[in-house]
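Engineer: Test case, fold it:
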Amino acid sequence: MSLMSNVRLPVSSDAPPSRLRITEIFFSIQGESTHQGRPCIFVRLMGCNLRCSWCDTEYSFTGGETMSVEEVLNQVRKFPCDLVEITGGEPLLQKASKTLAQRLLDEGYTVLCETSGERDIDIMPEGVMRIMDLKAPGSLECDSNRWENIDALRDGDEIKIVIQDQTDFNWALDVIRKYELLNRVPVMLSPVFGKVDYETLAAWILKTGLPIRLNLQLHKQIWGNKKGV
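Structural biologist: Residues are numbered from 1 along each chain as shown. This next block holds a predicted model:
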């Protein structure tokens, strides 16, 4: 657990509504979701209002560069790829994230948005595929889950739950059953890197007999735990 994990700080993107505060834009292999393994352009927005105990992108909490939507698009267009993920931090904190997503859709990109699930996911326009986290107890942010987002899920969306231990796994099963999530969208369980080994989580999933997906961070298996991949 990092020193910052339990510290809740005020969040400001320091960007006006027509501009974005950007941590990084890079081209890599999609490491998670049902799109795992595909080449993907990542636009990582700065700022997050949560402090999950296992967060691996604390470097996105502060700093970054203010860019117009057009400047971001110019960077995206340099890469030979039509799949883009808007991520963070928490991308839905920035008003212009919706504008960016719509412009990307208008240019023919397939657009993913990974969000903590604490914000209203309907901020993103129709056509964006939302990858929404649900925070298990081990994250220390379980009370931040916006449960009404479940009713807003649509075709193309996905749910991810990060699992730190057996308690998190049992919590995830209860939530999956209570909200009938497997009848709505694909549901993925991800082990906290270095906390739960893949074989253990796989065994827990197999024992349920449910069509839950094991979601491993492919990019970390290839390049390790570092930025820009």
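Engineer: Please look at Ile205 and Leu216 and confirm they touch.
Structural biologist: No: using Cβ atoms under 8 Å, Ile205 is not in contact with Leu216; the gap is 11.9 Å. Heads up, the C-betas are built off the backbone N, CA and C, glycines and all.
Engineer: Give the helix, strand or coil label for the residue nearest the centre of the chain.
Structural biologist: For the chain, Glu114 is the residue whose C-alpha lies nearest the centre (Cα atoms, centre = their mean; 3.0 Å). Here Glu114 takes the strand state, with states given by DSSP: H, G, I helix; E, B strand; the rest coil.
Engineer: is it true that it touches Ile131?
Structural biologist: Yes: with contact defined as Cβ under 8 Å, Glu114 counts as touching Ile131 (4.4 Å).
Engineer: got any residues that touch both of the two?
Structural biologist: 33, 85, 160 (Cβ atoms under 8 Å, 6 or more residues apart in numbering).
Engineer: burial measure for the second one, as a count.
Structural biologist: Glu85 is flanked by 22 other residues according to other Cβ atoms under 10 Å.
Engineer: quick check, it in a strand?
Structural biologist: Yes: assigned with three-state DSSP, Glu85 falls within a strand.
Engineer: which residues does it contact?
Structural biologist: 30, 40-43, 111-114, 131.
Engineer: same thing with the first one?
Structural biologist: Applying Cβ under 8 Å, 6+ apart to Ser33 gives the contacts 112, 114, 131, 158, 160, 188, 215.
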